[in-house]
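J.: after the sequence you'll find the predicted model.
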Amino acid sequence: MSKVFLLNGSAHLHGCTATALEEMIKVFEEEGIQTELIQVGSKDIRGCISCNSCSKTGKCIFNDLVNEVAPEFEEADGLVVGSPVYYGSPNGNIISLMDRLFYSTQYSKHMKVGAAVVSCRRGGNTASFDVLNKYFTISGMPIASSTYWNQVHGFTASDVKKDLEGLQTMRNLARNMSFMIKAFADAKDKYGYPEVERKYFTSFSDGK
């Protein structure tokens, strides 16, 4: 069975971001997609220190939630990352987790479907949305889209439940993501995944 892994970057278990993700989970279940939701925002997660220990060990030197979720991410066919907006950017905890998760894991993310979901009271959604999508675009992960930016508005979960267009966007996003996961599975069997080149790594270390 296909599986989608969801990360809630909010510190609130039943807040605005959780309300958006729960709307998606309902659709995934209808589509026969297994889900697992992990709470991130309330955990103590430090940032990457660029020690490169992970290149030798295959895991992050800090043994916290990042190393716990790494195997789940490897097995998943899709990843949904949800976050509230803090000062026009995603929650620092989800950024720290994403930095270290994507950098420390050596397995391929190629053709796993990615989706970012953001929530805010009024502004900062599209800026936060752009930040989260960048993890997918450098990892060969196709991004699922919807009928608007993947966002909900509200100061409380009750507010978000009144954002009917936002919830509709979440449902359409989950349907599109489910379709992509199923289609990619069929295409992999029929055609195989596209070749990935890794020959060049431009850094201009010679100063020229």
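T.: In hand now; what should we look at? Since we're looking at a predicted model, the values are computed, not measured.

J.: residue 41 belongs to a helix, doesn't it?
T.: No. Checked against DSSP: H, G, I helix; E, B strand; the rest coil, residue 41 lies outside a helix; its state is coil.

J.: helices and strands around the top helix by length along the chain, which ones?
T.: Scanning the chain for the longest helix, with DSSP state H as the assignment, gives helix 164-191. Under the contact criterion of 3 or more C-beta pairs under 8 Å, 6 or more residues apart in numbering; DSSP states H and E, helix 164-191 touches helix 16-30, strand 78-86, strand 113-120, strand 151-153, helix 157-162. No exception for glycine: its C-beta is placed from N, CA and C like everyone else's.

J.: ok, now with 10 Å
T.: Where contact means 3 or more C-beta pairs under 10 Å, 6 or more residues apart in numbering; DSSP states H and E, helix 164-191 is packed against strand 3-8, helix 16-30, strand 78-86, strand 113-120, strand 151-153, helix 157-162.

J.: chain center to that helix: distance?
T.: Its chain's C-alpha centre and that of helix 164-191 lie 14 Å apart, by C-alpha atoms, centre = their mean, to the nearest Å.

J.: with stretch 1-18 instead?
T.: Counting by C-alpha atoms, centre = their mean, stretch 1-18 comes out at 10 Å from the chain centroid.

J.: so how far is residue 117 from the nearest residue to residue 44 once chain neighbours are set aside?
T.: Nearest residue to residue 44 in three dimensions, chain neighbours excluded: residue 64, at 7.1 Å (C-beta to C-beta, 6 or more residues apart in numbering). Distance of residue 64 to residue 117, computed by C-beta to C-beta, to the nearest Å: 23 Å.

J.: likewise for residue 132?
T.: Relative to residue 117, residue 132 is positioned 8 Å away (C-beta to C-beta).

J.: when these two are compared, which one has more neighbours?
T.: Neighbour totals were compared for residue 132 and residue 117, and residue 117 leads with 31 against 25 (other C-beta atoms under 10 Å).

J.: isn't the more buried one right up against residue 17?
T.: Yes. Counting by C-beta atoms under 10 Å, residue 117 touches residue 17, with 7.0 Å between them.

J.: just to revisit the earlier point, pLDDT averaged over the longest helix of the chain - what is it?
T.: The pLDDT scores in helix 164-191 average 97.

J.: again with stretch 7-19
T.: 97.

J.: okay, how far is it across that stretch, tip to tip?
T.: 13 Å (C-alpha to C-alpha, to the nearest Å).

J.: can you check stretch 101-113 too?
T.: Between the start and the finish of stretch 101-113 there is a gap of 16 Å, counting by C-alpha to C-alpha.

J.: how about it: buried residues?
T.: For stretch 101-113, burial by neighbour count (16 or more other C-beta atoms under 10 Å) applies to 101, 102, 103, 104, 105, 109, 111, 112, 113.

J.: how about the contacts made by the fifth one?
T.: Remark: with contacts taken as C-beta atoms under 10 Å, 6 or more residues apart in numbering, residue 105 is in contact with 54, 58, 59, 60, 66, 67, 69, 70, 71, 73, 74, 139.

J.: how about a cut-off of 6 Å?
T.: residue 70 (C-beta atoms under 6 Å, 6 or more residues apart in numbering).
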